[in-house]
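S.K.: okay, here's the prediction I keep looking at, along with the sequence it came from:
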Amino acid sequence: MKAPTLKAKVHVFLKPGVLDVQGKAVEGALHGLGWDGVANVRVGKLLEFDLDGSDPEAAKGELKAMCEKLLANTVIESYKVEVA
Amino acid sequence: MKAPTLKAKVHVFLKPGVLDVQGKAVEGALHGLGWDGVANVRVGKLLEFDLDGSDPEAAKGELKAMCEKLLANTVIESYKVEVA
Amino acid sequence: MKAAVLVFPGSNCDRDCKTAVETSVNGKVEMVWHQETELPSGLDLIVIPGGFSYGDYLRCGAMASQSPVMAAVKREAERGVSVLGICNGFQILCESGLLPGALLRNSGLKYVCKPIELTIENRTTRFTSAYGNKQTVWMTQGNGDGNFFADAETLKSIEDNDQVVFRYVENPNGSMNNIAGIINKAGNVLGMMPHPDRAFEEALGSADGAPMFKSLVRAAQAA
Amino acid sequence: MSTTTSPAPKSMADKAAEYGLKPDEYQVVLDRLGREPNDVELGVFSVMWSEHCSYKSSRLHLRKFPVTGPRVICGPGENAGVIDIDDGQACIFKMESHNHPSFIEPYQGAATGVGGIMRDVFTMGARPVALLNALRFGEPGHPKTRRLVEGVVSGIGGYGNCVGVPTVAGETNFHSGYNGNILVNAMCVGLADADKIFYSAAPEPGLPVVYFGSKTGRDGIHGATMSSAEFSEDSEEKRPTVQVGDPFAEKLLIEATLELMASGAVAAIQDMGAAGLTSSSVEMAGKGGLGITLDLDKVPQREVNMTAYEMMLSESQERMLAILKPGREADGQRIFEKWGLDAAVIGETNTSGHIVLLHHGEVVCDLPLSPLSDDAPLYDRPWVEPAQEPQLHASEVPVAPVGDALLKIMSCPDMASKRWLWEQYDRHVMADTLSDSSTGHDAGMVRVHGTKKALAVTSDCTPRYVKANPYEGGKQAVAEAWRNLTAVGAEPIAITDNLNFGNPEKPEIMGQIVRAIDGMAEACRELAFPVVSGNVSLYNETNGIAIPPTPTVGAVGLLKDYDQRVGFNKVRPGQVLLLVGETKGEMGSTLYLREVFGLEIGAPPKVDLESEKANGVLVRRLIKTGVAKGVHDLSDGGLLCAAADMALASKVGLELKNPSDLDDHIFAFAEDQARYLVAVDEAAAHLVIAQAAEAEVPVAVVGVATGTDLIYAGLCVSLDRLRETNEAWLPAYMAGKA
Ligand SMILES: Nc1ncnc2c1ncn2[C@@H]1O[C@H](COP(=O)(O)OP(=O)(O)O)[C@@H](O)[C@H]1O
Ligand SMILES: [Mg+2]
């Protein structure tokens, strides 16, 4: 029998104030293509995966630990976790 | 006076058939750290920005155009847009 | 031979390409800025050089493919002018739809710089005719996203039409079918990850890039 | 005159201490100003008088370096050193550390280190053509080391590759002494026309001051003072916002800067490095004996509500400050627009002798410039003669089977191949690379574009020698760099240095600094190898434990005809191996002792500068006349390891013998200096021996190239095995398997 799984989402993004070089470049390119109304572009990472378990709260704790340990560079990045 | 702005979110991710080498590496690393219950890791991009305008539906149309033109490579990537 | 080398913000092999064309075939080379809407007339070759156009920040080649000059390149390509995209240039060609497929992150997730051996898979193209019956060539390559990908159907058609021009002897990045370089169906647009522009004289460790430019001169003279 | 003071709840004296000014230094500020400084002014003083900007602990001793020579166009004092490489061409280079930032955030720390050193070079008008990096990590088993290696290496590659400058050489060591303080020293080498060098001194009043590059954010505020302080357990927590590098912006900045210079619009120019806008504006005006007024409202800003203090101390990357010639703003405008750079005229030069800053229409800083430089603290810090390791006697050297020892040494972290690392560096962009980390040469070589000339570059230091005897170790670092250039056939010209030490307020550490500088200066003088630029990084200590003293030497040499270059990668079967230089059997502080027996003892090898010179001159002549077919200098691991390198790079077996009366293990692994392993055609061997005798250079036949094994004193190891041993460690370690 398959163990129950949860769907995990982890959003990793640069802390405010940290220069977002990707965002800056994308914004420049969008302006170049005529989309002048675009501003403050920030580019982050979204990781999605399956996680064994059935308790969303416990899973969130795990996800946070994964972020601290591996998924985010907490010197410059923040993260948000979601479980469904 | 400042023009009204909307908050745009664009999620770009690899299509199902495309090998996600980054996701695979993250998965391997998580397993290596003892999180064996993790599977099917996919790494995508989440772009967030301000967009001039007040009509969310019109904005979504714009966002789709941006994706088709620049933000996603539809040979390998899919996208979802959100406006708030 | 009259050639144009495109220059995008972040191109860094533009001068290398110019030097390669000048040194190996004494060609005349004009540098063309990415915002130009027209290319010089009478070109035999358009080179899209390597580098990190726009920092490669969104996806390699994505932003460059949208630049004004690429619209002009598309028109010239349709008219049959030879187009050579090297490294970032290959990525730009795929992003702009001039070549099929896409270049993904290297399977090792790292930038890899090393001399590499390639088999010449199609020696009848206008880019490879001067290789004679040489079976393999050495060139260096350096990239983080050189992992060629195409869906099954596209891959089959690329293979069926002999569009694979170079294959890696040892695959450095996970490329499907060991593909290092492909050509379009019409046979005038070639994209490749390894650098013929860094292999045009023995002092650089290999001169195996030079015959590519010689082939193009031949093709230009025949035309 | 009126100055506004920002709300200051704390006393200014407290703040001064917090900003890193010592009480007596703050007193000087009060005396010179005749009043209390405000917050912004205090910030300006504290960064200008930081160790990083003022060199207050080292300046006195740096004066010992020879800094002139027939080829020196510009020595220390400018952004980088400049040497003459003939035909109206100049080479501009410098090395700089980014140790603290790299420990905190390895990717960005190393990346911005590379970016910063490139700016120092193109600021003077040079196009960067080569990068090097000297890295020292903690012991492999330390929990932080792997992540630091991973981050630093990808940061260096990520930045240099994108900008498009080849990384052609470097060095990498691992030692527990760096567990709490890694070293990331990056060097950049550039080319310019000798009559188009740009300097930072503002030439006249009334000229526009232009800011261009990326916008200013709150990055790395107080980076300069931070890099002048010791680490404690919690500095990772307290740190200010990390600087993030944007190599794409740097590439645009290079092109725009060189284009602006070519347009003839530039009167003076300076990159914004540590202490950003403060040091650049103060130095430009100060050096020119002028004054400067800046309107901070005009500074391109990335964030809202930045204070004057934040703008002046921000270390946001990829920014330049230029003083334009009269009426040339339009040239600037056109070029900055073309390259998509933010830019603004933010001020003007004048004759006031002051730096005046306006913010929101108010004067927020008004300081006389002269005290900032003239009264900068200068310390003759107390020092003691460092303890020295005693000379070892041959009888004290334990004996190991030569084969076991060789395999151990060739696979140890310091000697193991660094392929895993340098394959992440673009070594070929610019299409002028003749030799690099992968090719089997003692120095990286890049052509001077469009000519037959080439530059040879290397970076060297053997910290275990410096630790055992700072004076001899200092000499050795310079001598090894000179030897590495010589070994490829280049004429050694000049060096840059990066002095990495612990806390100079401790007399033992100050003793290391003083004696290492003495040794380096001595070697530079004897070898006619002046210092043209450099950088000092002190306070590399954590919880009171200092790094091994590490004065890294980056050196540049010139080949007039690169067809005459040589490496150790083309030795052919039948060629005879000659050992140039004397082997007395120096075993102190060798890799043999450390790697085979875990002993870090004994005086390091002495550097006899006279033989160094004589032997080098002979080797260079052998190269120039085409007699030397392969050359490798002898350094870490001695003769047998050099032979192993040579065999692997040339893919040919070597059969070695011991013609000396030293024991086999000593002859194999002694690290006597001033030696080279030279391969010549059999027919030429006697000629070389005669030439050497004439030059009074010791030379001995030590073997022949043949077969596919390395053979010596009962040892016979196949090249395949040797290669595997040498290649395996780093990739396995990085994969978590070693
Ligand atoms: N961090 C680095 N970056 C680039 N190249 C490196 C680095 N570390 C080592 N190398 C290269 O690896 C080779 C061997 O290094 P090393 O043993 O220090 O050389 P040597 O002792 O002969 O001067 C050299 O070509 C050197 O340039
Ligand atoms: Mg060496």
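M.R.: Thanks, I have the structure now. Ligands and ions are numbered 1, 2, ... in the order given.
S.K.: okay, now D:Ala683: neighbour count?
M.R.: Using other CB atoms under 10 Å in any protein chain shown, D:Ala683 has 9 other residues around it. Any C-beta I mention is one placed from the backbone N, CA and C, and that applies to glycine too.
S.K.: and the pLDDT for it?
M.R.: Among the per-residue scores, D:Ala683 holds a pLDDT of 97.
S.K.: repeat that for D:Thr3.
M.R.: 49.
S.K.: residue in chain D nearest to ligand 2?
M.R.: Across chain D, no residue is closer to ligand 2 than D:Asp442, which sits at 4.1 Å (CB to the ion).
S.K.: please name the bridge partners of the closest residue to chain A within the stretch 501-650 of chain D.
M.R.: Residue nearest to chain A within the stretch 501-650 of chain D: D:Thr542 (17.4 Å; CB to the nearest CB). Beta-bridge partners of D:Thr542, counted by DSSP bridges, are D:Phe231, D:Ile545.
S.K.: A:Lys80 now?
M.R.: Beta-bridge pairing of A:Lys80 under DSSP bridges involves A:His11.
S.K.: low-confidence bits of the stretch 1-150 of chain D, can you list those?
M.R.: Scanning the stretch 1-150 of chain D for pLDDT under 70 picks out the ranges D:1-9.
S.K.: now do the helices in it.
M.R.: Ranges of helices in the stretch 1-150 of chain D, per DSSP state H, counting those that start in this stretch, are D:12-18, D:23-33, D:39-48, D:51-54, D:59-62, D:99-104, D:106-122, D:145-163.
S.K.: buried ones in the fourth one?
M.R.: The neighbour-count check on helix D:51-54 (16 or more other CB atoms under 10 Å in any protein chain shown) flags D:Glu51, D:His52, D:Cys53, D:Ser54 as buried.
S.K.: quick check: the residue of chain A nearest ligand 1.
M.R.: Per CB to the nearest ligand atom, the residue of chain A with the smallest distance to ligand 1 is A:Asn73, at 22.1 Å.
S.K.: can you check chain C too?
M.R.: Nearest residue of chain C to ligand 1, counting by CB to the nearest ligand atom: C:Cys113, 11.1 Å away.
S.K.: what number of residues lie near that residue?
M.R.: Residues near C:Cys113, counting by other CB under 10 Å: 27.
S.K.: give me the phi and psi for it.
M.R.: phi -120, psi 110 (degrees, to the nearest 10).
S.K.: longest strand anywhere in chain A?
M.R.: Counting residues, the longest strand found in chain A (DSSP state E) is strand A:38-52.
S.K.: and that strand, how far out from the chain middle?
M.R.: Offset of strand A:38-52 from its chain centre (CA atoms, centre = their mean, to the nearest Å): 4 Å.
S.K.: what's the answer for stretch D:107-115, then?
M.R.: 14 Å.
S.K.: and it, C-alpha only, in PDB?
M.R.: Coordinates of each C-alpha in stretch D:107-115 appear next as PDB, following Å, rounded to 0.1, in the frame of the first residue of the first chain:
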ATOM      1  CA  TYR D 107      29.200  32.700  -3.900                       C
ATOM      2  CA  GLN D 108      28.500  36.400  -3.700                       C
ATOM      3  CA  GLY D 109      31.700  37.100  -1.700                       C
ATOM      4  CA  ALA D 110      33.900  35.500  -4.300                       C
ATOM      5  CA  ALA D 111      32.000  36.900  -7.200                       C
ATOM      6  CA  THR D 112      32.100  40.400  -6.000                       C
ATOM      7  CA  GLY D 113      35.800  39.900  -5.200                       C
ATOM      8  CA  VAL D 114      36.400  39.100  -8.900                       C
ATOM      9  CA  GLY D 115      34.200  42.100  -9.900                       C
END
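S.K.: that stretch vs chain C: in contact?
M.R.: No: on the criterion CB under 8 Å from any CB of the partner chain, stretch D:107-115 is out of touch with chain C, staying 12.6 Å away.
S.K.: what's in contact with that stretch?
M.R.: Stretch D:107-115 is contacted from outside by A:73, A:76, D:96-98, D:100-103, D:131, D:133, D:151-156, D:158-160, D:163, D:184, D:186, D:188, D:242-245, D:247, D:250, D:317-318, using CB atoms under 8 Å, 6 or more residues apart in numbering or on different chains.
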